[in-house]
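S.K.: What would the 3D arrangement of this be:
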Amino acid sequence: MDKEVSIFGFAGSLRKNSYNKAILNAAAELLPDDAAIEVFDLDGIPPFNQDLEANPPERVKEFKQKIKAAGAILIATPEYNYSMPGVLKNAIDWASRPYGDNAFEGKPLGIMSASIGMLGGGRAQYHLRQSCVFLNMYPVNQPEVMVTFAPQKIDEKGRLTDQKTREMIGKLLQALVTWTRRLKE
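M.R.: This is a model prediction of the structure:
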């Protein structure tokens, strides 16, 4: 078997009790045996400022370095106003700049979302996938993980309790590992 696939994961939310942080934490419990994950919190990444892109803040440098070192990326995003949240877009902007130094270049990507409604963040995923075209990332297409009615599936301690959702996240992680290995061939 090839060496372990390293996955770098982050949620597009700063909220302490974020449902998307909860599903990211569940992913850490559901990893295939041949994978490892490091979860990063976007807290502390300042608003993007093009004047600073050649010499970004330390938190941004750390974020970019971890993306570059990872074999694959896993993003859990909420949906705000029919799209991905500004905090996620901001982090993507920092990590992909300056032009020619895109940390996401060629990275395989798994996408998950959780929301309180019945669409589960699907529109946020769609907009994130659009950004992946310019970023030259390779998202896993199936399975799609959109956690609907998240408060009914995540308990007050932030633990994902819904077994079908846990199974879907496990399948996404296995697909991400397989996809990462395929892209390295």
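S.K.: Going by neighbour count, which residues in the longest helix that the chain contains are buried?
M.R.: Among the segments of the chain that qualify as a helix by DSSP state H, the longest is helix 163-184. Residues of helix 163-184 classed as buried: 165-166, 168-170, 172-177, 179-181 (neighbour count, 16 or more other CB atoms under 10 Å). Quick note: C-beta positions are derived from backbone N, CA and C, even for glycine.
S.K.: can you list those in a markdown table and add distance to residue 40 and pLDDT?
M.R.: What follows is the buried residues of helix 163-184, written out as a markdown table (distance: CB to CB, whole Å; pLDDT from 0 to 100):
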| residue | distance to residue 40 | pLDDT |
| --- | --- | --- |
| 165 | 22 | 97 |
| 166 | 22 | 98 |
| 168 | 23 | 98 |
| 169 | 18 | 98 |
| 170 | 21 | 98 |
| 172 | 18 | 98 |
| 173 | 17 | 98 |
| 174 | 22 | 98 |
| 175 | 21 | 98 |
| 176 | 16 | 98 |
| 177 | 19 | 98 |
| 179 | 21 | 98 |
| 180 | 18 | 97 |
| 181 | 23 | 96 |
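S.K.: Mind putting those residues into a markdown table with distance to residue 51?
M.R.: A markdown table is the format used below for the buried residues of helix 163-184 (distance: CB to CB, whole Å):
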| residue | distance to residue 51 |
| --- | --- |
| 165 | 42 |
| 166 | 44 |
| 168 | 42 |
| 169 | 39 |
| 170 | 43 |
| 172 | 38 |
| 173 | 39 |
| 174 | 43 |
| 175 | 40 |
| 176 | 36 |
| 177 | 39 |
| 179 | 37 |
| 180 | 35 |
| 181 | 40 |
